[in-house]
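Trainee: Okay, sequence plus prediction incoming.
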Amino acid sequence: MSLFDAGESKNRQTAQPLAARMRPRSLEEFVGQRHFLGPGKLLRRLLDADRLGSVIFYGPPGTGKTTLARLLAGATKSHFHQVSAVTSGVKELREVIAEADDRLAASGRRTLLFVDEIHRFNKPQQEVLLPDVEEGVVILVGATTENPFFTVVSALVSRSRIFQFEPLSSDDVKTLIRRAIADRERGLGQCKINMHDDALDFLAETSDGDARRALSALEVGVLSSDDSPIEFTRQLAVESVQRKAIQYDRSGDAHYDSISALIKSIRGSDPDAALYWLARMLEGGEDVRFLCRRLVILASEDVGNADPAALPLAVAAMHGCEFVGLPECQLTLAQTVTYLACAPKSNSATEGIYAARADVSEGRLLPVPRHLRDKSYHAAKQLGHGVGYKYSHNSPDAIAKQDYLGVEREYYNPTDRGFEKELAERLRLIRSRLRGETRGERREG
């Protein structure tokens, strides 16, 4: 390398944003994803054994997918080639694979082909990669923010290991910020920075596990301050953080994962978590009708008779949201979500209908007892239909001693929570009334 080359390289590095300059240069510098890259974990074992095959990195932006792909190329002594599924086509893929094949034949050196946003390739484009992945001509590293089990062809998924990236923890983000402040070569070490603890906490919390976002905010704060030393206060941190665009696809993972989190938070009686996931979905542009439908279902499925007011409230919320619309109907949704979260829970009715339908679908079909059959037509009496039926309102407590099923089954088993506790006590009385004389009559018959 000439002096000119060195100078040009330094100029390019200086022009890079802090997040790009601070990319780790080795696996030891890589922060996060310890669940598969830590000592003894799968990806680390594959590297130690020199058995790295094709992999798919799946996770949110800013968690290190591209960076780790580059580090894997270094660790495996492979040639690194990056393509973007947004701008590349089949022709470019074939050219890259042909070069990789020539390189392997001439020098024995493999090529690590990094395909960013691999889910953007259509099926034929993805299938172009299959033969060379199978033959080991390239080590494929695909990166995607979408669930690969839905967006990548199954043949390619079956030939790759899936590693799911998680957002960086607050401690991980703090580590990266401190490293950038101290690094004199690539970071901000030449500036005198007094990072306040509450500012560091704020940057770590608001980055949402995105290293790029945290380091960008740090750089903005430092470059926009004329003081020396720079007092990096919480106020400066607040001013330096840009509002993050919410990653939300109403037909993708964010949609399904968020509604799952909302439902499970309500079922788990956590109104605070439920409000957060509701806000996340509303900010992402979720369909209000979809939210209302799910809340109506939940009112019956998870609250049930423990609080019979839950279902009418959810239905009223559905009509109210239709009438009012956004942004005001967020108040109706918030009221409904918090009520459902705090309500006593029971899935007894849900379990009951599942059990009854299972009996029917599995062929345990029961004839309607003769005394319950329709007797409104002329010949019904000749068939014995309706004969012996006891009108409930003529009995004490309107409970006639009568068999309504023909066999003994208990599908509904109320809990002792909320109003259902009263139903449970009443049902014990009802069943004893229904079964007492009926059993005796069967034995006599």
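Mentor: Received, thanks.

Trainee: gap between the residue in the chain sticking out farthest from the centre and Asp374?
Mentor: The centre of the chain is farthest from one residue, Gln382, which by C-alpha atoms, centre = their mean lies 61.9 Å away. Distance of Gln382 to Asp374, given as C-beta to C-beta, to the nearest Å: 13 Å. No exception for glycine: its C-beta is placed from N, CA and C like everyone else's.

Trainee: rewinding a little: quick one: which helix or strand includes the residue farthest from the centre of the chain?
Mentor: Following DSSP states H and E, one finds Gln382 within helix 380-383.

Trainee: Check the offset of that helix from the chain's centre.
Mentor: 59 Å (C-alpha atoms, centre = their mean, to the nearest Å).

Trainee: what does that helix contact?
Mentor: Helix 380-383 is touched from outside by 370, 373-375, 386-387, with contacts defined as C-beta atoms under 8 Å, 6 or more residues apart in numbering.

Trainee: Same question for stretch 103-110.
Mentor: Against stretch 103-110 from outside (C-beta under 8 Å, 6+ apart): 76-79, 100, 111, 136-139.

Trainee: between these, which is nearest Phe30?
Mentor: Using C-beta to C-beta, Thr76 is the member of these that lies nearest Phe30, at 14.9 Å.

Trainee: so who does the closest one touch?
Mentor: 47, 50, 52, 110, 112, 139.

Trainee: same thing but 6 Å
Mentor: Going by C-beta atoms under 6 Å, 6 or more residues apart in numbering, Thr76 touches Leu52.

Trainee: Against Ala98, how distant is it?
Mentor: 21 Å.

Trainee: what about Ala20, neighbour count?
Mentor: 13 (other C-beta atoms under 10 Å).

Trainee: Just say helix, strand or coil for it.
Mentor: Secondary structure, DSSP: H, G, I helix; E, B strand; the rest coil: Ala20 is helix.

Trainee: Could you pull out the strands in the chain for me?
Mentor: Using DSSP state E, the strands of the chain run over residues 55-58, 79-84, 111-116, 138-144, 161-164, 193-195, 230-232.

Trainee: Including mean neighbour count and distance to Tyr276, could those strands go into TSV?
Mentor: What follows is the strands of the chain, written out as TSV (neighbours: other C-beta atoms under 10 Å; distance: least, C-beta to C-beta, whole Å):
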stretch	mean neighbour count	distance to Tyr276
strand 55-58	25	24
strand 79-84	17	33
strand 111-116	24	30
strand 138-144	25	26
strand 161-164	16	22
strand 193-195	17	28
strand 230-232	20	28
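
Trainee: got those strands as CSV, with distance to Arg428 and mean pLDDT columns?
Mentor: Below are the strands of the chain laid out as CSV (distance: least, C-beta to C-beta, whole Å; pLDDT from 0 to 100):
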stretch, distance to Arg428, mean pLDDT
strand 55-58, 52, 94
strand 79-84, 67, 92
strand 111-116, 63, 92
strand 138-144, 55, 91
strand 161-164, 49, 94
strand 193-195, 65, 92
strand 230-232, 67, 92
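
Trainee: Can you report how many residues lie near Pro60?
Mentor: Using other C-beta under 10 Å: Pro60 sits among 17 other residues.

Trainee: Relative to Leu326, how far out is it?
Mentor: 26 Å.

Trainee: And for Val173?
Mentor: 33 Å.

Trainee: Trp277 too?
Mentor: In terms of C-beta to C-beta, Trp277 sits 17 Å off from Leu326.

Trainee: The two: who's more crowded?
Mentor: Set Trp277 next to Leu326 and count neighbours by other C-beta under 10 Å: Trp277 wins out with 21 against 11.

Trainee: ok, and the closest non-adjacent residue to that one?
Mentor: Computed as C-beta to C-beta, 6 or more residues apart in numbering, the closest residue to Trp277 that is not its neighbour in sequence is Leu262, at 4.0 Å.
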